[in-house]
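Asker: One predicted model, sequence on top.
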Amino acid sequence: MQDLERALAEIGAIRDQLAKAAQFRGFGPTTFALTSLIVGSAAAAQARWIPSPETAVDGYLLLWLGVAALSCALIGFEMVIRVRRIYSRLANEMLRAAVEQFLPAGLAGGLLTLVLWRFAPESLWMLPGLWQLAFGLGVFASARFLPNAMWLVGAWYFTTGLACLAVFHGPGAFAPIAMGLPFGVGQLLVAGVLVWDQRGHE
């Protein structure tokens, strides 16, 4: 029995190593392009219905956290379907490897939001830049098993995050462009990298 358990554990470890070594092809460009459209629509909605977000920060946070949740749901739904179709028996390991790479950065962004909102509301103006930095770090952490050009996406979000922190201060940091432009262009950039990679495989 112990030999059987040891063999099963070794097989599981091998499967995990295969999943971490293979290029992840569970992301589809169409969904990322759709999330770019969602971001642009959210920026337009903010400009229309939250003209002074510095005095309605809760509404601002609700809008953009809702956009993040919707985008994650769409990407996650497609990812599960694609991974189960492409990788078959390694599907669970591939999904776990993908989530493990990005999860720390996502949790950091969420916890930063919670801490600033609860304990340092005067510093909430930094959130757009911090969100972009966290997203960029997540992309960098995942880049080793994504298409090679994906490092450009990480560099984009890292650069825009630093630029937001340097250029936008106080109420100006909540301007629709501070979220709409970086994430809108960034998600289109992801879609472009995925299309390029798919053509290379074909």
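Answerer: The structure has been received and is ready for your questions. None of these values were measured; they are calculated from a predicted model. Numbers count the residues shown, from 1 in each chain.
Asker: Could you check the strand or helix carrying I75 and say which residues are buried?
Answerer: Using DSSP states H and E, I75 sits in helix 57-86. Neighbour-count burial for helix 57-86 flags 57, 60-61, 63-64, 67-68, 71, 74-75, 78-79, 82-83 (criterion: 16 or more other C-beta atoms under 10 Å). (Glycine included, C-beta is placed from N, CA and C.)
Asker: What residues of stretch 186-202 count as buried?
Answerer: Residues of stretch 186-202 classed as buried by neighbour count (16+ other C-beta under 10 Å): G186, Q187, L188, L189, V190, A191, G192, V193, L194, D197.
Asker: cool, stretch 139-152 as well?
Answerer: V139, F140, S142, A143, F145, L146, P147, A149, M150, L152.
Asker: What separation is there between the closest residue to the second one other than its chain neighbours and F77?
Answerer: Beyond its immediate neighbours in the sequence, the residue positioned closest to F140 (C-beta to C-beta, 6 or more residues apart in numbering) is G154, lying 4.1 Å away. As defined by C-beta to C-beta, to the nearest Å, G154 lies at a distance of 24 Å from F77.
Asker: on that earlier part again, what does the residue nearest to F140 show for phi and psi?
Answerer: Phi and psi for G154, reported as degrees, to the nearest 10, are phi -60, psi -40.
Asker: please begin residue numbering at 153 from this point
Answerer: Okay, residue one is now 153; in that scheme the one you just asked about reads as G306.
Asker: can you count the residues close to it?
Answerer: As a burial measure, G306 scores 20 neighbours (other C-beta atoms under 10 Å).
Asker: can I assume it is in contact with L285?
Answerer: No - G306 lies out of contact with L285 (C-beta atoms under 8 Å); the separation is 10.3 Å.
Asker: Alright, that wraps it up for me.
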